[in-house]
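Student: Structural data only, the sequence is not supplied:
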């Protein structure tokens, strides 16, 4: 009887330990399966949110580029009379309407004229331009369609846009706000949906600062119709599998408001995720809708949790068998548990690496203690070393550019005070090699105490240096000649206007020099356009090297250049600059193995002696240059005086 009682605990140990191991293994497997499912959902949501955020950012960036294009055209129209059709045509021809402006059907100018003035406007523009619509039906703002000599992705609009109430309301909104406005959804002649952009033009040197002034000084609009299908296709390319993208006009998601839809193979499966983001562009709201299907989860590796439970169950059975076989070997069981723990740590590290692979850095800040917990990617973007200790907020702010620091601190404080729901800020940070990189910080307060004081803020950090560089390049191309990188006519006229205003205020003199190359066309025709382009670039560098950094050099024609001399200028100092330019241009140059010598004709005019405004100064300098050219001289001492003794070789 005693032997039976002693054997019973041993029997229980022999049977109970494997059962206990099996139950514990199944419980751990179930818990781990739940954790993997949660991590899969978080990973899928992160990838999904990144795709939605990237799509919205691309749309906003492209629309900003379109707005810069309209601003450039508006500046040119304000500086150039509408009757100078050839100047307008050359400007439109020079616009870089490449893949970045896909979907742009054309450019238009809608000057504010009465119906009785249409005939005079057509006569001024000539047969190469179209005033549309015809007739007396539209006396509000006839559209002058600016078609370049070589059409680039531009087609007929196919409708009387200004007769529609929707575009008309859009034009009135642009007029009253002074900013770019977008129309509601339009359908063009080819059946494709699109919209119309408009930017108001006002009379006068200063922008109007009230609604009454904007309505009274309205001169017209610059317009740009855009076909959404081509616009979105150039932005997104091929959509990842398992995603459906929709773009609606406004917040109504009906088919009558649909602007764009791109759907991959979803196999009629239910959507796993769905999110919307509202974009406000030009005072108009668009809704971006993105849906994710099982194929997207498979592509992102977010379906691995389904096999965890099966694997965990099998592993639990194996562990139970091993426990039965090794129940007498505690040391080996402990070693096996250690190996399992290590495998679990490695799995967690792999998932952490997968989250880092999204490209954005993550940071967690506790304002009470000032401590920051940041990912490796965040430290890389901020220019910190990978092994460096966690920084505090003061050290992080020390990495921000001094010109951006005050603004970033104010935006952060507004978010902490609850004045704004989230922080969205673009600023520059040191890159560790003496330069600065642009970053985008997004954050929100996730925890507050009973008094509303912030306890915890979580955010992300994105590297947007490439996008900012692209925007700067677009702005530079809108203001400079693409061959010589000198100021184009619109930019030079803007600098000229500013210099005259400054000279009038401080009673100073400024100088204007016009320069025309002699016998450039024979060189261009004999040796080819490549040699001619290099010659123009060399001349541009020589002219720019002959003036001060505060002066402005521009190219206003094929071989025509212009120089604006600012600051206190006398006729003697301006004459010296003109002589220096002439001598530098006349120096021989070697281009493609050719020895080329070329001279120029120069005309000089000074404010206020030779003219009180841009037009008078330009005419005086132009007359001086052509009198000089006819007399075989290079420069005139005075606009009305005979030429000096410096002859043109």
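Tutor: Structure's in. What do you need? If you're wondering where the values come from, they're calculated on a predicted model, not measured in any experiment.

Student: ok, residue 401 touching residue 431?
Tutor: No - the pair residue 401 and residue 431 does not pass the contact test of CB atoms under 8 Å, sitting 10.9 Å apart. For glycine as for every other residue, the C-beta is placed from the backbone atoms N, C-alpha and C.

Student: what is the rounded mean pLDDT of stretch 627-635?
Tutor: Here the mean pLDDT over stretch 627-635 is 64, rounded to a whole number.

Student: do stretch 259-274 as well
Tutor: Across stretch 259-274, pLDDT averages out at 76.

Student: for stretch 315-332, same thing?
Tutor: 66.

Student: same question, stretch 415-433
Tutor: Averaging pLDDT along stretch 415-433 gives 86.

Student: Any buried residues in that stretch, and which?
Tutor: Neighbour-count burial for stretch 415-433 flags 415, 416, 423, 425, 427, 428, 429, 430 (criterion: 16 or more other CB atoms under 10 Å).

Student: Same check on stretch 493-508?
Tutor: 493, 494, 495, 496, 499, 500, 503.

Student: Same question for stretch 607-624.
Tutor: When burial is assessed from 16+ other CB under 10 Å, stretch 607-624 yields the following buried residues: 607, 608, 610, 611, 614, 617, 618, 620, 621, 622, 623, 624.

Student: Report the contact partners of the residue nearest to the second one when sequence neighbours are not counted.
Tutor: If I follow you right, that is residue 608. Of all residues beyond its chain neighbours, the one nearest residue 608 is residue 509 (7.1 Å), with distances taken as CB to CB, 6 or more residues apart in numbering. For residue 509, the set of contacting residues under the criterion of CB atoms under 8 Å, 6 or more residues apart in numbering consists of 503, 568, 569, 570, 606, 607, 608, 609.

Student: sorry, back to before: could you dump the buried residues of stretch 493-508 to TSV with distance to residue 283, pLDDT and secondary structure?
Tutor: As requested, the buried residues of stretch 493-508 are arranged in TSV below (distance: CB to CB, whole Å; pLDDT from 0 to 100; DSSP: H, G, I helix; E, B strand; the rest coil):
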residue	distance to residue 283	pLDDT	secondary structure
493	29	88	helix
494	26	89	helix
495	31	89	helix
496	33	90	helix
499	34	89	helix
500	34	90	helix
503	38	88	helix
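
Student: Please tell me how far the residue nearest to residue 613 when sequence neighbours are not counted sits from residue 573.
Tutor: With sequence-adjacent residues excluded and distances taken as CB to CB, 6+ apart, residue 613 is closest to residue 500, at 6.8 Å. With distances taken as CB to CB, to the nearest Å, residue 500 is found 18 Å from residue 573.

Student: cool, and residue 600?
Tutor: 20 Å.

Student: So the two - more neighbours on which side?
Tutor: Higher neighbour count among residue 600 and residue 573: residue 600, with 25 against 14, using other CB atoms under 10 Å.

Student: how close does the more buried one sit to residue 554?
Tutor: Residue 600 is 15 Å from residue 554, where distance means CB to CB.

Student: now the strands for the stretch 401-550 of the chain?
Tutor: Along the stretch 401-550 of the chain, counting by DSSP state E, counting those that start in this stretch, strands occupy 423-430, 436-448, 454-463, 510-517.

Student: Turn these into TSV, including distance to residue 77.
Tutor: Converted to TSV, these look like this (distance: least, CB to CB, whole Å):
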stretch	distance to residue 77
strand 423-430	31
strand 436-448	32
strand 454-463	37
strand 510-517	22
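
Student: on that earlier part again, from the buried residues of stretch 607-624, pick the one nearest residue 40.
Tutor: For residue 40, the nearest member of those is residue 614. The distance, counting by CB to CB, is 66.1 Å.

Student: That closest one against residue 498, yeah?
Tutor: No - under the criterion of CB under 8 Å, residue 614 makes no contact with residue 498, lying 11.0 Å away.

Student: Excluding residues flanking it in the chain, which one is nearest residue 370?
Tutor: For residue 370, the nearest residue in space outside its immediate sequence neighbours is residue 392; the separation is 4.8 Å by CB to CB, 6+ apart.

Student: same thing with residue 629?
Tutor: Nearest-residue entry for residue 629: residue 601, 4.3 Å, with adjacent residues in sequence omitted and distances by CB to CB, 6+ apart.

Student: That neighbour pairs with what?
Tutor: Using DSSP bridges, the beta-bridge partners of residue 601 come out as residue 516.

Student: how close does it get to residue 517?
Tutor: For residue 601, the distance to residue 517 - CB to CB - is 8 Å.

Student: who has more neighbours, the two?
Tutor: When neighbours are counted by other CB under 10 Å, residue 601 and residue 517 differ, and residue 601 comes out ahead with 23 against 20.

Student: separation between the more buried one and residue 535?
Tutor: 16 Å.

Student: Now do the strands in the stretch 51-200 of the chain.
Tutor: With DSSP E, counting those that start in this stretch as the criterion, the stretch 51-200 of the chain has strands at 107-111, 130-132, 143-146, 181-182, 186-187, 193-202.

Student: In the sheet, which strands lie alongside the longest one, parallel or antiparallel?
Tutor: Right, the one you point to is strand 193-202. With DSSP bridges as the criterion, the sheet partners recorded for strand 193-202 are strand 181-182 (antiparallel), strand 186-187 (antiparallel), strand 218-227 (antiparallel).

Student: I am finished for the moment; much appreciated.
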